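*Asks:* Output the structure for:
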Amino acid sequence: MGKLVILDHPVVQNKISMLRNVNTCCKEFREIAGEVASILCYEATRDVPLITAEIETPICKATVNIVTEKFGVVLILRAGMGMTGGMLNFLPNAKVGHIGVYRDPNTLRPVEYFWKLPSDSQERTILLVDPMLATGGTASASITHIKDKGVKHIKFICLISCPEGVEKLQNDHPDVDIYTAAHDPMLNDHGYIVPGLGDAGDRMFGTK
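*Replies:* Alright, predicted model coming up:
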């Protein structure tokens, strides 16, 4: 079963409280979401293997540890866009993919409309990014598509999760670890996380 990692660092929790606040403007919301995404990215890459190499410092030769793992950041449109900048600040050499999936407001099921992944995705660890893990349908469908492209290593990163979404993802994809900054208790009748932070896309871009 994949891990559920809840990043309970005090500074992260303070940033989440700002994202929850209805009075936080879209500019601040985007900036804070990117900051939290960068910290989550740090946590999600904690177990990346290192290899040793010899370099020359200004003083002498030294044996150092380096990362050779290749990464891809795949964002679920459109709300994932607000997290991608923070991810790339931490992993500037990552390639970026886009997945267009939206949740039908009546059935709450995912509807796919766009896919564009890096051509060498199967050689990379893919970090799938979406602010909210609510019903889990969109995330699960996205991971299925990524796996269909031959990708073996996938991690899911979100700002807020809830039990329903985590259960769906762990049942459908038990090999995928989940990294979140907050784990809220429930969904409401409209499929929104409670207390959550509302519609992340609308909050980021000032739309309704």
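*Asks:* Specify the local secondary structure of residue 98.
*Replies:* At residue 98 the chain is in strand, as set by DSSP: H, G, I helix; E, B strand; the rest coil.
*Asks:* these two touch, right, it and residue 116?
*Replies:* Yes - look at residue 98 against residue 116 with Cβ atoms under 8 Å: they come within range, at 4.9 Å. Glycine gets a C-beta too; all of them are placed from N, C-alpha and C.
*Asks:* The two: which has the busier surroundings?
*Replies:* Legend: neighbour count by other Cβ atoms under 10 Å for residue 98 and residue 116, higher for residue 98 (17 against 11).
*Asks:* do you know how far that one is from residue 55?
*Replies:* Counting by Cβ to Cβ, to the nearest Å, the gap from residue 98 to residue 55 is 36 Å.
*Asks:* again, but for residue 46
*Replies:* Relative to residue 55, and taking Cβ to Cβ, residue 46 is found at 23 Å.
*Asks:* Can you list the strands that the helix or strand bottoming out on mean pLDDT in the chain pairs with?
*Replies:* Ranked by mean pLDDT, DSSP states H and E, the weakest helix or strand in the chain is strand 110-116, scoring a mean of 84. Strand 110-116 sits in its sheet next to strand 95-103 (antiparallel), going by DSSP bridges.
*Asks:* who's in contact with the partner strand?
*Replies:* 71-77, 80, 84, 88, 109-118, 120-121, 124, 126, 128, 134-135, 137-138, 141-142, 145, 191 (Cβ atoms under 8 Å, 6 or more residues apart in numbering).
*Asks:* In strands, which of the residues you listed appear?
*Replies:* 71-77, 110-116, 126, 128 (DSSP state E).
*Asks:* Make a ChimeraX selection of the buried ones in these.
*Replies:* To isolate the buried members of the ones in strands among the contacts of strand 95-103 in ChimeraX, using 16 or more other Cβ atoms under 10 Å:
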select :71,72,73,74,75,76,110,115,126,128
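*Asks:* which one of the ones in strands among the contacts of strand 95-103 sits closest to residue 59?
*Replies:* Checking the ones in strands among the contacts of strand 95-103 against residue 59 by Cβ to Cβ gives residue 71 as the nearest, at 31.5 Å.
*Asks:* Surely the closest one and residue 123 touch.
*Replies:* No - using Cβ under 8 Å, residue 71 is not in contact with residue 123; the gap is 10.3 Å.
*Asks:* Okay, now stretch 122-131: how far is its last residue from its first?
*Replies:* Counting by Cα to Cα, to the nearest Å, you get 24 Å between the two ends of stretch 122-131.
*Asks:* in it, what counts as buried?
*Replies:* Buried-residue list, stretch 122-131, by 16+ other Cβ under 10 Å: 122, 124-131.
*Asks:* can you check stretch 164-177 too?
*Replies:* 164-166, 168-170, 173, 176-177.
*Asks:* I'd like the next helix or strand past the longest helix along the chain.
*Replies:* Secondary structure of the chain read by DSSP state H shows that its longest helix is helix 26-44. Counting by DSSP states H and E, the next helix or strand C-terminal to helix 26-44 is strand 51-56.
*Asks:* State the mean pLDDT of that following strand.
*Replies:* Throughout strand 51-56, pLDDT has a mean value of 96.
*Asks:* Against which helices or strands is it packed?
*Replies:* Helices and strands touching strand 51-56, by 3 or more Cβ pairs under 8 Å, 6 or more residues apart in numbering; DSSP states H and E, are strand 61-66.
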